Each structure stands twice: as structure tokens, then as C-alpha cells.
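>>> Just to be clear, the model below is a prediction. Sequence and coordinates:
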Amino acid sequence: MDYELDVDPALATAVLEVERHHSRSGWDQPARLYALVDTGQLVEQEPALAAQLGLDSPRERGSLTPIEQEELPEGQELEEVLPGIVWPDMVVGCAAVVERLVLPPAADGQVPEDRDAAIEFARDHPDAEEVRIVAAVTRHGAAYCALRMRSEDNDMAVMGGTDLVPALIELLRGTLDEADDEPMGGNDE
């Protein structure tokens, strides 16, 4: 993995932790969403929960703890749900996990406009690659992504970087823009 100078190490660590968690569940999993909270603040405000999660040691200070949210609404894509999400102030960032088919650059201009036809085109393309994407952002503007290809399904082949999936990064940033004290729809944990 190449290391970039502008990588937030706490965010990269949280992203890789989420990626490893999902890799243990295998492929063909639904999209998931995580709140990222400052571990030190979690320890201070919820000491019993932090202890239960094993986060009560001083070495956890300065890190981010991913908190998995409820499943997405049935039949909705992550990209449809994200614009309606607003995180409470204690959430310092968020992460999303999605699996997608990725086509090579040579397929640009060949993908049909119709969504269903485009999905079929991608599934049938001989060079399509299944990938698991974990993308995350913080309120401070940091971003980090990890990608695992199904054809190279091992921890050493996970790619990481700050701008691997710019459209998803922007959607995640939008969820942090105008935070208020209301929890995410239905998730008042």
C-alpha cells in the first residue's frame, strides 16, 4: 500500500478496521453505514460502553471508533439514502461500505444510459471487476478509501488512498455539512 502524506492516520486505521471486519463476512453483502466517533470522547461520555468494547486504555486516545448503523432501507441504494442523512455533533466522521462492479476505462462511452441496461452491461462485461469499497470522511475534511478486489481477495492486496472514489466521498461529506443534534433517521443509539 502506498502512503500519502496528507492521510489522517486515525481515519485510515478506522477504514481498514471496517474493511477487515467486512472481509470476514465474505462477499455479496448489503451496503453498510458507520458513524465515526472520537474514541477519547466515547470513553469519557460512555465509559461502560467503551469498557465493553475494550476501548478504555490510554492507547486508544486519538483514534476513531466506527459504530455500525442500522441496515439501509429495503430496496434503496446507498447513494439514494446518503443525501437524507444528517449526523449529530458527536459524530466526527462517517464511513460507507459498498460492493460494486467496476469497468475498465476502455468501457467509457459504451455503458447504456438506462440503469437496468447498464447493470446488465457491467455484469456481462468480460473485464468487469467486483470490488468492495470502504470510504470515509471527517468533519475536518479528511478522506480515506480502501478497495478490495474480489479477484485479489487478501489483506495484502487492499488498496488505499484519499481520492479513490471521489463521488462517494462527496456524498459522505454532504452528510456532515449541516449537523444538528438530531440523530440519523431511526438511529438514536
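Nice, I can see it. Numbers count the residues shown, from 1 in each chain.
>>> and the closest residue to Ala107 other than its chain neighbours, how many neighbours?
In this structure, Ala107 finds its nearest non-sequential neighbour in His125, 6.2 Å apart by Cβ to Cβ, 6 or more residues apart in numbering. Using the backbone N, CA and C atoms, a C-beta is placed for each residue, glycine as well. Residues near His125, counting by other Cβ atoms under 10 Å, number 17.
>>> Can you tell me how far His125 is from Leu78?
22 Å (Cβ to Cβ, to the nearest Å).
>>> sorry, back to before: test my guess that the residue nearest to Ala107 contacts Ala106.
No: under the criterion of Cβ atoms under 8 Å, His125 makes no contact with Ala106, lying 9.8 Å away.
>>> Quick one: mean pLDDT over the top strand by length along the chain.
For the chain, the longest strand by residue count, based on DSSP state E, is strand 91-102. Across strand 91-102, the average pLDDT comes to 94.
>>> Show the low-confidence segments of the protein, by residue range.
Applying pLDDT under 70 to the chain flags the ranges 1-5, 54-61, 178-189.
>>> Please, where are all the helices along it?
Assigned by DSSP state H, the helices in the chain fall at 9-23, 39-45, 47-52, 78-81, 115-124, 166-176.
>>> What residues of the fifth one count as buried?
What it means is helix 115-124. 121-122 (16 or more other Cβ atoms under 10 Å).
>>> For that helix, C-alpha coordinates in CSV please.
Taking C-alpha atoms only, helix 115-124 is exported to CSV below (Å, rounded to 0.1, in the frame of the first residue of the first chain):
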residue,chain,number,x,y,z
ARG,A,115,-29.9,1.9,-15.4
ASP,A,116,-31.1,-1.7,-15.8
ALA,A,117,-29.3,-2.0,-19.2
ALA,A,118,-26.1,-0.5,-17.6
ILE,A,119,-26.2,-3.1,-14.8
GLU,A,120,-26.6,-5.9,-17.3
PHE,A,121,-23.8,-4.5,-19.5
ALA,A,122,-21.5,-4.4,-16.4
ARG,A,123,-22.4,-7.9,-15.3
ASP,A,124,-21.7,-9.3,-18.8
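>>> Run through the residues that contact the residue nearest the centre of the chain.
In the chain, the centroid-proximal residue (Cα atoms, centre = their mean) is Ala96; its distance is 2.5 Å. Residues near Ala96 by Cβ atoms under 8 Å, 6 or more residues apart in numbering: 31-34, 78, 82, 133-136, 168, 172.
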